[in-house]
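>>> Provide a 3D model corresponding to the input given below.
(2 chains)
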Number of protein chains: 2
Amino acid sequence: MAQKIIALDAMGGDYGPSVTVAAANMALEEIPGIELVLVGDREQLSTELQKHNLQQDRWVRVQHASEVVEMGDLPVVALKKKKDSSMRVAINLVKEGEVQACVSAGNTGALMATGKFVLKTIRGISRPAICTILPGIHGHTHMLDLGANPDCTPEILLEFALMGSILAQSVEGIESPSVGLLNIGSEEIKGNESIKRASQLIRGTRLNYHGFVEGDDVFRGTVNVIVTDGFVGNVSLKTGEGLAALVSHVLRSEFERNWLTRLAGFCALPVLTALKRRLDPRRHNGASLLGLNGIVIKSHGSADTSSFFNAIKIAAIEIENKVPQRISAEIENYFSQAEEAVT
Amino acid sequence: MAQKIIALDAMGGDYGPSVTVAAANMALEEIPGIELVLVGDREQLSTELQKHNLQQDRWVRVQHASEVVEMGDLPVVALKKKKDSSMRVAINLVKEGEVQACVSAGNTGALMATGKFVLKTIRGISRPAICTILPGIHGHTHMLDLGANPDCTPEILLEFALMGSILAQSVEGIESPSVGLLNIGSEEIKGNESIKRASQLIRGTRLNYHGFVEGDDVFRGTVNVIVTDGFVGNVSLKTGEGLAALVSHVLRSEFERNWLTRLAGFCALPVLTALKRRLDPRRHNGASLLGLNGIVIKSHGSADTSSFFNAIKIAAIEIENKVPQRISAEIENYFSQAEEAVT
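Okay, here's the model as predicted:
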């Protein structure tokens, strides 16, 4: 198994080292060939390592960083004023080739801004995008962008389609993932001019293009990849979170109604647990910041140990599949084909 | 109780007269002072009326229309080629003042196009919007636009805010409904220039403006009214439908797993029924086409009798509250205040 070296922003997220170091411990046990660099406060991290009976060695070491990016920090503040933050140092390690990927549960805006500033975007890619996996009736869907780019030209949506397809190939092992473009109707005549143009562009590639999909396809698993701008993607993702909260609120209050419903709730517990697991966003934790010269994985801020571990696993999969290199090759290839078509 | 005369597009929807006439019968029994005009094929409607032991009288009468707009008809085809459709004749009756509102379960695009063509928009309103009620943890939310206007300027979003507020006032009886603008973050600095400008405009009105809300506020009931463009609104609404479908799929398959879970499902039946009722979009059936010179209510195509009845009830509430007149007064008032501010 090839070596996979990953830096963890060990201070990020709601729980900091108590979660990140525990997840690191899990990763060392479960992911073959993994080496971890824990970035953050040296003392806190040493104490935490001791709790897990871990010693610094070839497989895990601490890299000191004196600052922490807070959830409320503006991206520009994180970037300019906190040059020794655990997030920044972890990304620097990717840039310097010390590690092959980094994982952070910190502030998304700061992570994206720092990733773009330090690693730069892949040649041919205009904007990096945030891509995550969503559960669905007929299988998972990778959706992008989820908030990095509120406004997107048709050309940018095309780049997202190329990147999302490569990610789904790598993570799910699907040879030719189906790609859908999110619209307000599935017929060709629906939507505004920009979305129609994006559809034409994607149709002109070698991608397995399904055509337009609608909002109700997001949790249906109609396609492997859903492409949309960051405004719509973010609202769609969060609408799903809101509805999941409503479902769990209604179930809780209805099962609490009287002793009979409480008993029924007790009997239905395995089913309710299964439902919770299927809908839990943390189960699919680990969003990819696609389009950077390097692998950066964003974990939910509220991730617990097993879900932060999942984000580390995604980093390992992307290393193994050389995701940035494949995106770079695919985009070069697309442009050279487009050039040929013109000349 | 004041008189309320409503035309029903009795041929529209997946079930046509069998649902619309049954719902009409229900409305005649339950809504005081209601008079109904059933628009559609004279013979079919007479037969259906007989099934309910209804005779044409002051309270219910049939208005013949020889054509039907099909679900697949393009709006322009419905408008230009089917001038004697049940949908068109029902809207004509509103225009001619024969009725005070109409309800249709037909094709949304055709209904909006015909409504705009026949009734025109209220002076000062650039574009009519589709507004519906969504369930939430802390109460209902009226969301608009849901698909009529994929691209919206800040000024159009302001109009939506004014219209949505009046509708929530009328339907929910809230004196000063809270209004939120859908964005990808709740902080003032989030979103694109257009959304920030819309926020400034709405803040300048007398509305009870909450500020930005996010996708997860849609099913939370954070505010009484959520304003967004038709692209985002449509995707958000349908994402919710997709997730609800996933929830019901997971529950069904998990409860079917073995005899123990089947038994648990049987015990939990009242709770599951309550959940289904809370999430069922048909329960809140009846979307308003706001901004037209007249009341037009769109029912789900798949509405059953009680949900089509609900759409008729919304039409009656809008008549009682003179919704178009109040929108007209509010928009005049807004512009005269804006003029005063300038001079």
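>>> okay, CA-based contacts and neighbour counts for the rest of this
Noted.
>>> show me the residues around A:L167 that make contact.
Counting by C-alpha atoms under 8 Å, 6 or more residues apart in numbering or on different chains, A:L167 touches A:E318, A:V323.
>>> name the nearest residue to the residue nearest in space to the middle of chain A, sequence neighbours excluded.
For chain A, the residue nearest the mean C-alpha position is A:A287 (0.6 Å; C-alpha atoms, centre = their mean). Nearest non-adjacent residue to A:A287, counting by C-alpha to C-alpha, 6 or more residues apart in numbering or on different chains: A:T132, 4.5 Å away.
>>> quick one: the one you found is in a strand?
Yes: under DSSP: H, G, I helix; E, B strand; the rest coil, A:T132 sits within a strand.
>>> partner residues bridging it?
On the basis of DSSP bridges, A:T132 takes part in beta bridges with A:M143.
>>> does it touch A:L144 like I think?
Yes: here A:T132 reaches A:L144: they are 6.9 Å apart, a contact under C-alpha atoms under 8 Å.
>>> who's more crowded, these two?
Between A:T132 and A:L144, counting by other C-alpha atoms under 10 Å in any protein chain shown, A:L144 is the more crowded of the two (31 against 25).
>>> who touches the residue nearest to the more buried one when sequence neighbours are not counted in this structure?
Distances taken as C-alpha to C-alpha, 6+ apart put A:C131 closest to A:L144, at 4.4 Å, once the chain neighbours are dropped. Taking C-alpha under 8 Å, 6+ apart, we find A:C131 in contact with A:H142, A:M143, A:L144, A:D145, A:L146, A:G164, A:A287, A:S288, A:L289, A:L290.
>>> also A:E30?
Applying C-alpha under 8 Å, 6+ apart, we find A:E30 in contact with no residue.
>>> what about it, distance to A:V19?
Plainly put, A:E30 is 16 Å away from A:V19 if you go by C-alpha to C-alpha, to the nearest Å.
>>> go on, A:H210?
In terms of C-alpha to C-alpha, A:H210 sits 40 Å off from A:V19.
>>> helix/strand/coil for A:G72?
coil.
>>> what about the nearest residue in space to it that is not next to it in sequence, distance to A:E48?
Sequence neighbours aside, A:N107 is the residue nearest to A:G72 in space, at 7.6 Å (criterion: C-alpha to C-alpha, 6+ apart). The gap separating A:N107 from A:E48 is 22 Å, by C-alpha to C-alpha.
>>> can you check A:G139 too?
From A:G139 to A:E48 the distance is 38 Å (C-alpha to C-alpha).
>>> do the same with A:T261
For A:T261, the distance to A:E48 equals 43 Å [C-alpha to C-alpha].
>>> what does A:L119 give?
With the distance defined as C-alpha to C-alpha, A:L119 ends up 30 Å from A:E48.
>>> ok, the contacts of A:C131 vs A:V235, which is closest?
Comparing the contacts of A:C131 against A:V235 with C-alpha to C-alpha places A:L146 closest, at 8.2 Å.
>>> so who does the closest one touch?
Listed by C-alpha under 8 Å, 6+ apart, the contact set of A:L146 reads A:A129, A:I130, A:C131, A:T132, A:D229, A:G230, A:F231, A:V232, A:G233, A:N234, A:L237.
>>> got the buried residues for stretch A:148-163?
Within stretch A:148-163, the residues that count as buried by 16 or more other C-alpha atoms under 10 Å in any protein chain shown are A:148-150, A:152, A:154-163.
>>> got JSON lines for those residues, with secondary structure, distance to chain B and pLDDT too?
Converted to JSON lines, the buried residues of stretch A:148-163 look like this (DSSP: H, G, I helix; E, B strand; the rest coil; distance: C-alpha to the nearest C-alpha, whole Å; pLDDT from 0 to 100):
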{"residue": "A:A148", "secondary structure": "coil", "distance to chain B": "10", "pLDDT": "88"}
{"residue": "A:N149", "secondary structure": "coil", "distance to chain B": "9", "pLDDT": "88"}
{"residue": "A:P150", "secondary structure": "coil", "distance to chain B": "7", "pLDDT": "88"}
{"residue": "A:C152", "secondary structure": "coil", "distance to chain B": "11", "pLDDT": "92"}
{"residue": "A:P154", "secondary structure": "helix", "distance to chain B": "15", "pLDDT": "96"}
{"residue": "A:E155", "secondary structure": "helix", "distance to chain B": "19", "pLDDT": "95"}
{"residue": "A:I156", "secondary structure": "helix", "distance to chain B": "17", "pLDDT": "96"}
{"residue": "A:L157", "secondary structure": "helix", "distance to chain B": "16", "pLDDT": "96"}
{"residue": "A:L158", "secondary structure": "helix", "distance to chain B": "19", "pLDDT": "95"}
{"residue": "A:E159", "secondary structure": "helix", "distance to chain B": "21", "pLDDT": "95"}
{"residue": "A:F160", "secondary structure": "helix", "distance to chain B": "19", "pLDDT": "96"}
{"residue": "A:A161", "secondary structure": "helix", "distance to chain B": "19", "pLDDT": "96"}
{"residue": "A:L162", "secondary structure": "helix", "distance to chain B": "22", "pLDDT": "95"}
{"residue": "A:M163", "secondary structure": "helix", "distance to chain B": "22", "pLDDT": "95"}
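>>> which two among the residues you listed are spaced furthest apart?
Top of the distance list for the buried residues of stretch A:148-163 (C-alpha to C-alpha): A:P150 and A:L162, 18.7 Å.
>>> quick one: the residue nearest to the centre of chain A and A:P128, what's the gap?
A:A287 sits 12 Å away from A:P128, going by C-alpha to C-alpha.
>>> for the stretch 51-200 of chain A, what lies in contact range of chain B?
When proximity is defined by C-alpha under 8 Å from any C-alpha of the partner chain, the stretch 51-200 of chain A lies next to chain B at A:G136, A:I137, A:G147, A:P150, A:D151, A:N183, A:I184, A:G191, A:N192.
>>> what subset of those is buried?
For these, a burial check counting by 16+ other C-alpha under 10 Å picks out A:G136, A:I137, A:G147, A:P150, A:N183, A:I184, A:G191.
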